[in-house]
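K.L.:
Could you work out the structure for the sequence below:
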Amino acid sequence: MIKLQVIGNLGKDAIVNNVNGKNVINFTVAHTEKYKDAQGNQKDRTT
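P.N.:
Below you'll find the model as predicted:
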C-alpha cells in the first residue's frame, strides 16, 4: 500500500474506477503559488 498526502483544493468530486480488479481514484487538485513580479509585488497564481 502506498500512502500519499496531497495539499490543495479538490477541483471536483473524486471518481472511483475499477481497473483490472483494483479500485483506482482519479481527482484534480489545485494549489496557489505565491511569487513576486519584476516590480516586487506579491502575486498569486492558482494552477
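K.L.:
contacts, neighbours, all on C-alpha from now
P.N.:
Will do.
K.L.:
Can you name the residues bridging to residue 44?
P.N.:
Beta-bridge pairing of residue 44, defined through DSSP bridges, involves residue 34.
K.L.:
what residues are up against it?
P.N.:
Under the criterion of C-alpha atoms under 8 Å, 6 or more residues apart in numbering, the neighbours of residue 44 are 32, 33, 34, 35.
K.L.:
Residue nearest the middle of the protein, spatially speaking?
P.N.:
The centroid of the chain falls nearest to residue 29 when counting by C-alpha atoms, centre = their mean (2.2 Å).
K.L.:
hang on, that residue packs against residue 14?
P.N.:
No: here residue 29 lies out of contact with residue 14, judged by C-alpha atoms under 8 Å, at a distance of 10.0 Å.
K.L.:
Redo the contacts of residue 44 as JSON lines? Include pLDDT and neighbour count.
P.N.:
Rendered in JSON lines, the data for the contacts of residue 44 read as follows (pLDDT from 0 to 100; neighbours: other C-alpha atoms under 10 Å):
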{"residue": "32", "pLDDT": "87", "neighbour count": "12"}
{"residue": "33", "pLDDT": "89", "neighbour count": "10"}
{"residue": "34", "pLDDT": "91", "neighbour count": "11"}
{"residue": "35", "pLDDT": "93", "neighbour count": "12"}
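K.L.:
could the residues you listed go into CSV alongside distance to residue 44?
P.N.:
Supplementary listing: the contacts of residue 44 in CSV, determined by distance: C-alpha to C-alpha, whole Å:
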residue, distance to residue 44
32, 6
33, 6
34, 5
35, 7
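K.L.:
sorry, back to before: partner residues bridging the residue nearest to the centre of the chain?
P.N.:
Residues found in beta-bridge contact with residue 29 (criterion: DSSP bridges) are residue 10.
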